[in-house]
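**Q** kindly return the folded structure for what I paste below:
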Amino acid sequence: MKNYFIDKIDVLEESLTVNIKTAASMLCVSERTIRTLTKNGELPVIRIGSRAVYSREDLTEFVRQRSSRVMIDNPFDEHRDDSIDFHVD
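**A** Below is the predicted model:
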């Protein structure tokens with residue numbers, strides 16, 4: 001006999017869309033922020049009847065577009081220059 005809760009989790013992980021509460025949780029923001037991003041056209045929304053849902057793919061792309069890839073200096077790099085040159089005028 002299958003466990004109902006495990007089946008429910010499997011369905012949630014495989015769903016193509018999520019509700020606003022889950023979208024907010026995925027982005028670590030409030031539901032209000034999700035509504036604002038949607039209203040401003042920054043986050044695509046899918047309307048199914050009166051429900052608003054968000055594509056997991058759109059949420060992933062939203063994060064990908066806004067992520068900045070900052071190169072961090074390697075503290076063990078032998079060519080790193082830690083000297084600071086202060087000029088006082």
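**Q** name the helices or strands packed onto the longest strand along the chain?
**A** Counting residues, the longest strand found in the chain (DSSP state E) is strand 51-55. Secondary-structure packing of strand 51-55 (3 or more Cβ pairs under 8 Å, 6 or more residues apart in numbering; DSSP states H and E): strand 17-18, helix 20-27, strand 46-48. Every residue, glycine included, has its C-beta placed from N, CA and C.
**Q** do that again at 7 Å, thanks
**A** strand 17-18, strand 46-48 (3 or more Cβ pairs under 7 Å, 6 or more residues apart in numbering; DSSP states H and E).
**Q** where does this structure dip in pLDDT?
**A** 1-13, 69-89 (pLDDT under 70).
**Q** tell me where it has helices.
**A** Remark: helices assigned in the chain by DSSP state H are 4-14, 20-27, 31-39, 56-66.
**Q** before we move on, back to that, could you dump the helices and strands packed on strand 51-55 to TSV with distance to Cys28?
**A** Output for the helices and strands packed on strand 51-55, formatted as TSV (distance: least, Cβ to Cβ, whole Å):
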stretch	distance to Cys28
strand 17-18	14
strand 46-48	21
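**Q** nearest to Glu57 among those would be which one?
**A** strand 17-18 (9.4 Å; Cβ to Cβ).
**Q** got the contact list for that closest one?
**A** Strand 17-18 has contacts (Cβ atoms under 7 Å, 6 or more residues apart in numbering) with Met26, Ile46, Val53, Tyr54, Ser55, Arg56.
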